[in-house]
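J.: Pasting the sequence and the predicted coordinates here, then a few questions.
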Amino acid sequence: MKDFPKKNIVILGNGISGITAARHLRKRTDRPITIISEEHPYFFSRTALMYVYMGHMPFEATQPYENDFWKKNNLNCIQARVKNINGRKKYLEFKNGETMSFDVLIIASGSKPNQLSCPGNDLNGVHGMYHKQDLDRLESLSHSIKSAVIVGGGLIGIELAEMLHSRGKKVTLIVRENSFWNRVLPDAESKMINSHIEAHGIRLLLETELKAIIPSEQGGVKEVITNKGEVIPCEYIGSTIGVSPNVDFLKDSGIALGRGVLVNSFLETNLPDIYAIGDCAEQTQPQKNRRPIEAVWYTGKIMGETLANTLCGKRKEYLPNHWFNSAKFFDIEYQTYGRVEADPDPKEQKQFYWQHQNKNQLLRLSYHPETEILQGVNVMGIRMRHKIFEQWLDQNKTLEEVVDRLQEAYFDPEFSKNPIAKIKADFAIIKQ
Amino acid sequence: MVNKKSLSQNTALLLGFLGLLLWSSSFWIEYQNKTLMLSIGFLMMSIGVIGYSYSLYFTSLAGIRNNGVWFSSLVSRSIWGWLLGLVLTGFYVLLYFYPEFLGYNEAGKSSGLVAFFDPLSVLLNGKPATQWFLYGTVYTLAIILFGIKFIFKYRNNRYQVFRTISVIFFQLGFAFLIPEILSKLNQDLPYFSKDLKNMWPLNYYFFEDWHFNNMLNGGNLGLFILIFGLLMMFVISPILTYFFGKRWYCSWVCGCGGLAETAGDPFRQLSSKKISVWKFERWMIHVVLVFIFITTIAVIWTYLGSETSGETLTRKYFANVIIGFLILLILVILVWGRKELNKDAVNTIISIATILIFVIIWQSKWNQENLMFVDSYSLRKWYGFGVGAAFSGVLGVGFYPILGSRVWCRFGCPMAAILGLQQRLLSRFRITTNGGQCISCGNCSSYCEMGIDVRSYAQNEENIVRSSCVGCGICATVCPRGVLKLENVSSKNRY
C-alpha cells in the first residue's frame, strides 16, 4: 500500500470533470494529487475523437495540454483499471491486485455507452463510440466497412454518421422516434436536421428499430433486420442509444448508487471524503427544471471547479446557472441557452419561432405565457453570445425587449448575412 | 486511407500538371511561338486547378471539409510533402542564387525558362523578362488559382471569401500589374519599387542609398512613391492597425500572406503549437526586427556621410530623430507594455533601445563612419542574403510542406513583428471567446497557421490577444461550437 506524507487526493477519471477539478485544486493546494484512468494516461477531448477518424486532426491534437504539463504541475497520472473501492477503509484496488490508499476520493468515471438489446448485439462489428478504444477499434475495422448502420437518434449517432460518411461509407441512420432527437429539439429544428441528414446522402429511417443482427461467417456482422422487416447489409453497427453512468465497479464500495453515484448538491456521496462529479454523478435533489444526471461537457466542467473550491476549504454548493448546450449536426451549428421545451405545456411556456426561407437558419425564443419573460433560446445556423443571454435570463427580460436587442447577442463572423432585421420584421407582424 | 479521387478530379489534376509541365519544358526546349505555349499552359493550369477544386468542393454541401487532411501524404509531412518541399526549395535556391540556371543572362539575351516569359513581359513592361518577372508571374498565378480554390472551400463563410478576393486584388493589381505598367510608362527612370503596399521593413531596401537616390531621381512618380512609403509606415499603417489589428495587412493585403493563405492553405495545420516553439518564435522574429532596424539606420547613417546626401539632413539631425524615436518607444512600452507584456519582453526592448541610444550619441559625437562599428554595406548584404532571400524565400515558401504556410510570417517577418507589437498594445482587435461553449476539441489550434494554441484561451473563456495573430479567421470558421469571433468594436474588456 502506497502512503503519502500529506493528505492525498485521488481522482478517478481524466475526462473534463476530473481534470478541471485537478487543475483548480493544483492552483490552490500542494497536496498530492493522483489521476487514474484506464483509457489513456493523459487528458484528451472526447468530443474531438470524431475529428481524428475524419482526418481533421491527429490524436495528439485532441490533448489540450502537452504531456509534460502534468509532471510540471505535480499531477500524478496513472493508466490503470480500478477494480473495486473500499469506501470506508479508504483504499482502492487495481485490476492487477495492487492497492492505493486515499484521503479524499473524487469519482469522475464518466459514462459508458448503452448496449443494444437485440440478438447479435455482442458481435464483432457492433460498437459504441465513446472511448478512445472505440475509435481505435473503428479505425482497425474501417478498411473492411462498406456500409454501416447506426442506431440511435442523438448527438453521438449523428456524429458517427458524419464520421463514417466522411470516409466514403454508405450510412443508414436508424431512429426510434418519428424525427431526429425530438425529445430535445422542437419540431422545426428536428425536421431541419432530418432533411440536412438526407441532403448529405445519409439514409434516415425514422420510427424504426433493430430487430436482429445477422452474423457473417467470419464472426462479424452481415446484415441487420429492422422491425419493419427490411434487411440492410452492413459490416459495422454503431450503437449510439445513449449513455449511462459508468459505476458498475462501485457496486461493493459502500458508496450509495442509483443510476449513478448519488450526491447531494455539494457533490458529496454518502461516505465522508468521497465525492462524485460529471457524467457519473446523480443529484439526489436536482435544481428546478434540471435533470438528476446531466451528461454534458459543460456541467462536468462546472462541477469540477465547484468541488475544487469545496476541497480547498470553501464549501460550495453546485448551482449551475442557466442551462446551455451546443452541437453541430453535420454543417448546422446549434446553440441553446435557458429552457426551450420540445413540446411545451402551453400554461408554462410559449415560443416565438423564426426560420429562414431557404437557408438552414432558425431562432426560437421561449417565454412565459403571461409575463412574457424570456425562458430560453434555440438557434440553428446562427451564433449567439452566451454571456448576453445569460444576463437577459438573469434580468428577467421580456420577449419584446430581447427581440429588440437581439443584435447585441449576435455572434456570427464578420460580413455574414445578418438575419436579425428579418427576424424583427417577422416578429412585428406576428405581434399585430 | 485517403478518399478516392473521382474521374473528373483526376482529369483536372492531369490537365493542370501537363500545363505546369509545358511551362517547365521551356527549361530545355526553345519554343518558336512562346505566346501560344505560354497561353496554352496558362489555360491548362487554370482549368486544371479550378476544375479540380470545383469537383472537390461542390460535390458536397458547403461546410468545413478538412476530411482526410492528416491521411494525405502531401500535407501531413510524409513522403510527398518532403518531395514537394525539396522541389520548392530547389526552385528558390536557383531563383535567388543561381538565376543563370533558369536562363537568366545579366549581360545579354536570356534563354530558357526566363526567356519563355518574354512575350508577357514585353507586353506589360516593355522589356524582356528577368528571373524576377518569371517569379512574379508564377507567384501571382498561384495566388489567383489557389485563391479560387480557397473561395470554393470556404464559400460558407463570407469573411473568408472577401478576404481572399482582397489578397488576389492586391497581388494582381498592386504587386504585379501596376508596377509593371508603371515601368513601361516610365522606361527612362532608374529602378525603384513601385509596389505601393510593400512598405519598410518588409521591403528592406527602401532606405538603401541606391533606392533612395533612384526615388529622388525618379521624377514625380519617384517622389510619390517615397512620400507614400513614408505615409504608409508612419500614418496609414498605425491607424489601420489600431482599428482592425494587423490583419488588415497580413491576411488582406500582403503578398507573402496572400500566398500563405491561398497556395499555403493546405499546409496550415503543420505549424507547431508547442510552447517551446512559441518561445523560439518570440526571440527569432524580434532578433530579425532589431537586425533590420540597425541595418537601416546604419545604411542611412553611411548615406548621410556621403557627398550625395546634400546638406538638408545631417548625421547629427538623424541621430536626434532616432534617439527621439527610441525614447518614445521606451515610454510607450513603460506605459502600455508593463501590464500587458511579459517582464522579459519589457526588459529586452528597453535594454536594446538604451544601448542603441548610447551608441548613437557616442558615435554622432565623433561623427564616426560606421554606425554600430560595422560596415553598413556588409550588414545590408547579410540581411539581404540571410533574411531577404534565404529566410523569406527558400525557408518561407520552400518549407510550406514541412513547417506550415506561415514560417516566414511567424519567425522572420520584421513587418509582422512591428504590427504585432502594436496589435498587442494599441489596437482594438481581438478574438472573442463565447462564454463557456468551448469543448476543447482543438480544431482552432490545429488549423491556426501561426501556431497559436487558440484552444488554451478559449477553454479558459479568455479572449485571444496575441501579437502574432494575422486574423485569418480560420479558427472561428472551423470551430464546431461557434465559440470564436474576430472583433474590433471598441470595448473596455479587450482581454
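T.: Thanks, I have it. Residues are numbered from 1 along each chain as shown, chains lettered A, B, ... in the order given.
J.: Quick one: residues contacting the residue in the stretch 101-250 of chain A that chain B sits nearest to.
T.: Closest residue of the stretch 101-250 of chain A to chain B, C-beta to the nearest C-beta: A:S166 (4.3 Å). From N, CA and C alone the C-beta is placed, and that goes for glycine too. Taking C-beta atoms under 8 Å, 6 or more residues apart in numbering or on different chains, we find A:S166 in contact with A:Y53, A:M54, A:G55, B:N3, B:N67, B:G68.
J.: run the last query once more with 6 Å
T.: A:M54, B:N67 (C-beta atoms under 6 Å, 6 or more residues apart in numbering or on different chains).
J.: For the closest residue to chain B within chain A, the count of nearby residues, please.
T.: Per C-beta to the nearest C-beta, A:H386 is where chain A lies closest to chain B, at 2.6 Å. A:H386 has 23 neighbouring residues, counting by other C-beta atoms under 10 Å in any protein chain shown.
J.: again with B:I225
T.: 21.
J.: With adjacent residues omitted, what lies nearest to the residue of chain A closest to chain B?
T.: B:G435 (2.6 Å; C-beta to C-beta, 6 or more residues apart in numbering or on different chains).
J.: neighbours around that neighbour, how many?
T.: Using other C-beta under 10 Å: B:G435 sits among 20 other residues.
J.: Could you check how many residues crowd around residue 300?
T.: With no chain named, the answer covers chain A. 26.
J.: meant chain B, my bad for not saying
T.: 22.
J.: Which positions in the strand or helix carrying it come out as buried?
T.: Assigned by DSSP states H and E, B:I300 belongs to helix B:275-305. Using 16 or more other C-beta atoms under 10 Å in any protein chain shown as the test for burial, helix B:275-305 gives B:277-278, B:281-282, B:284-286, B:288-305.
J.: And for stretch A:97-105?
T.: Going by 16+ other C-beta under 10 Å, stretch A:97-105 has these buried residues: A:M100, A:F102, A:V104, A:L105.
J.: Check stretch B:233-240 too.
T.: Neighbour-count burial for stretch B:233-240 [16+ other C-beta under 10 Å]: B:M233, B:S237, B:P238, B:L240.
J.: How about stretch A:424-432?
T.: Buried, per 16+ other C-beta under 10 Å, within stretch A:424-432: A:D426, A:F427.
J.: tell me the mean pLDDT for that stretch?
T.: Stretch A:424-432 shows a mean pLDDT of 92.
J.: The helix or strand hosting B:G51 vs chain A: in contact?
T.: Per DSSP H and E, B:G51 falls inside helix B:34-57. No: using C-beta under 6 Å from any C-beta of the partner chain, helix B:34-57 stays clear of chain A, with a minimum separation of 12.8 Å.
J.: can you list the residues of the stretch 101-250 of chain A near chain B?
T.: So the stretch 101-250 of chain A meets chain B at A:S166, A:G168 (C-beta under 6 Å from any C-beta).
J.: contacting residues for the most centrally placed residue in chain A?
T.: For chain A, the residue nearest the mean C-alpha position is A:V296 (3.5 Å; C-alpha atoms, centre = their mean). Shown in contact with A:V296 (C-beta under 6 Å, 6+ apart): A:N325.
J.: backbone phi and psi for it, please?
T.: phi -130, psi 160 (degrees, to the nearest 10).
J.: and what of the one 5 residues further on?
T.: Recorded main-chain torsions at A:K301 are phi -60, psi -50, according to degrees, to the nearest 10.
J.: Return the distance of whichever residue of the stretch 1-150 of chain B sits closest to chain A relative to A:T240.
T.: In the stretch 1-150 of chain B, no residue comes nearer to chain A than B:G63, which is 3.4 Å away by C-beta to the nearest C-beta. To A:T240, B:G63 is 21 Å away according to C-beta to C-beta, to the nearest Å.
J.: Compare neighbour counts for these two and give me the winner.
T.: More neighbours surround A:T240 than the other of B:G63 and A:T240, with 27 against 16 (other C-beta under 10 Å).
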